[in-house]
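Q: The amino acid sequence is not available; the structure is as follows:
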């Protein structure tokens, strides 16, 4: 493990052990819980359908080379 990362972890543990701010602790707990959530479940049904369609297009070889797509959409980029 990176020593710098290890040092940061220790610093955070020390800071957390002295923390008395209930709202900060609740925010940290909420952050921890949000990290456990599967991002897929946060997407709308339209977003999921769009991703699934894109994956299906890939599997079926319905692809446009990058250079061709770049030329096609260049005026909007």
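A: All right, it came through fine. These numbers come from a predicted model, not from an experiment.

Q: what sits up against the helix or strand harbouring residue 26?
A: Taking DSSP states H and E as the criterion, residue 26 maps to helix 22-36. The contact list for helix 22-36 (Cβ atoms under 8 Å, 6 or more residues apart in numbering) reads 16, 19. Any C-beta I mention is one placed from the backbone N, CA and C, and that applies to glycine too.

Q: Mind listing what's buried along it?
A: Across helix 22-36, burial judged by 16 or more other Cβ atoms under 10 Å covers no residue at all.

Q: Helices of the chain, start to end?
A: In the chain, the helices defined using DSSP state H lie at 3-18, 22-36, 45-59, 66-73.

Q: what's the domain layout of this protein?
A: Split into domains by automatic domain parsing, the chain comes to 1-37, 44-77.

Q: Show me how far the longest one is from its chain's centre.
A: Just to be clear, that refers to domain 1-37. Remark: domain 1-37 is offset 19 Å from the chain centroid, using Cα atoms, centre = their mean, to the nearest Å.

Q: If you tally nearby residues, what's the number for residue 43?
A: Look at residue 43: counted by other Cβ atoms under 10 Å, it has 13 neighbours.
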